[in-house]
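Engineer: no sequence on this one, just coordinates:
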């Protein structure tokens, strides 16, 4: 199975989780839906997403609860019940662990920030630590506190016009020296609305000349939050690693839950190991072969 196929597999799992995020859902249920054992599905999911299925579901529920706290007037208890917490106390403990403040204080804090931000003239919309390249006239760059995958904010790129035919990139650049000879994964969650083409990318540079430009599988059209991955081995001669998100043409894309990490674990190898564990042909089709462990 190719890396892109493995990612598509994970996207199907994510869509299933999102559909039932307000219902009773577990690792076993997701694995069963995907046709995997819980053990193998857990390993594959964690290799791409970077956390267990249980942790992912919990963090998504808490993130959606945080959005509801700011953008609705729902009672805290009602929000807790909506996202499958048995009591307001258990919800408060989990929420405080993730956001470092209880739900009531979080709601008050961010409503005050929203009121202040409406009265301020922004001097820059580019996220701190990031750079932008491309056509500023035809595109917008910024931070969104309402469309969020996990945590409190996402970054976005957006064309100002439907006829936009340029590009805009949001990127960081770092020294390559610590990563030479190592495999690096850049993973992130993207949500898109009517995009012409969006990719995560690596650009590897030596003495101000681009040696390699590596892109993820492109996202085209409209999509809910989905994982994307670009992976490469950093050559010894590279001086600068540039990585980020690129929007070509029209559309609106959000980026969140980005991870830049050195890895020795290969998603393809994990899936191949799972395939090797499967039998070559069907067995016991007449059910006369006894029972398991007999």
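Structural biologist: Good, I have the coordinates. What you see is a predicted model; the values in this text were computed from it and never measured. Residues are numbered from 1 along each chain as shown.
Engineer: going forward, measure contacts and count neighbours with C-alpha atoms only.
Structural biologist: Noted.
Engineer: any idea which helix or strand carries the closest residue to residue 223 other than its chain neighbours?
Structural biologist: Excluding the flanking residues, the one nearest residue 223 by Cα to Cα, 6 or more residues apart in numbering is residue 192, at 5.0 Å. Per DSSP states H and E, residue 192 falls inside strand 183-206.
Engineer: partners of that strand in the sheet?
Structural biologist: The pairing partners recorded for strand 183-206 under DSSP bridges are strand 209-215 (antiparallel), strand 219-233 (antiparallel), strand 240-248 (antiparallel), strand 252-262 (antiparallel).
Engineer: for it, what does the pLDDT average out to?
Structural biologist: What strand 183-206 shows for mean pLDDT is 95.
Engineer: stretch 144-162: which residues count as buried?
Structural biologist: 145, 147-159 (16 or more other Cα atoms under 10 Å).
Engineer: got TSV for those, with secondary structure and distance to residue 238 too?
Structural biologist: Output for the buried residues of stretch 144-162, formatted as TSV (DSSP: H, G, I helix; E, B strand; the rest coil; distance: Cα to Cα, whole Å):
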residue	secondary structure	distance to residue 238
145	coil	36
147	coil	36
148	coil	34
149	coil	33
150	coil	33
151	coil	33
152	coil	35
153	coil	32
154	strand	30
155	strand	28
156	strand	29
157	strand	28
158	strand	31
159	strand	32
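Engineer: pretty sure residue 152 is touching residue 145, no?
Structural biologist: Yes. In this structure, residue 152 is within contact of residue 145 by Cα atoms under 8 Å, at 5.9 Å.
Engineer: shared neighbours of these two, which are they?
Structural biologist: residue 67 (Cα atoms under 8 Å, 6 or more residues apart in numbering).
Engineer: residue 113 in helix, strand or coil?
Structural biologist: helix (DSSP: H, G, I helix; E, B strand; the rest coil).
Engineer: roughly how far does it sit from residue 145?
Structural biologist: 11 Å (Cα to Cα, to the nearest Å).
Engineer: low-confidence ranges in the stretch 51-200 of the chain?
Structural biologist: In the predicted model of the stretch 51-200 of the chain, residues 114-124 satisfy pLDDT under 70.
Engineer: format the strands paired with strand 183-206 as CSV; extra columns: distance to residue 82, mean neighbour count and mean pLDDT.
Structural biologist: Output for the strands paired with strand 183-206, formatted as CSV (distance: least, Cα to Cα, whole Å; neighbours: other Cα atoms under 10 Å; pLDDT from 0 to 100):
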stretch, distance to residue 82, mean neighbour count, mean pLDDT
strand 209-215, 38, 14, 87
strand 219-233, 20, 18, 94
strand 240-248, 33, 22, 96
strand 252-262, 23, 19, 94
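Engineer: right, I'll call it a day here.
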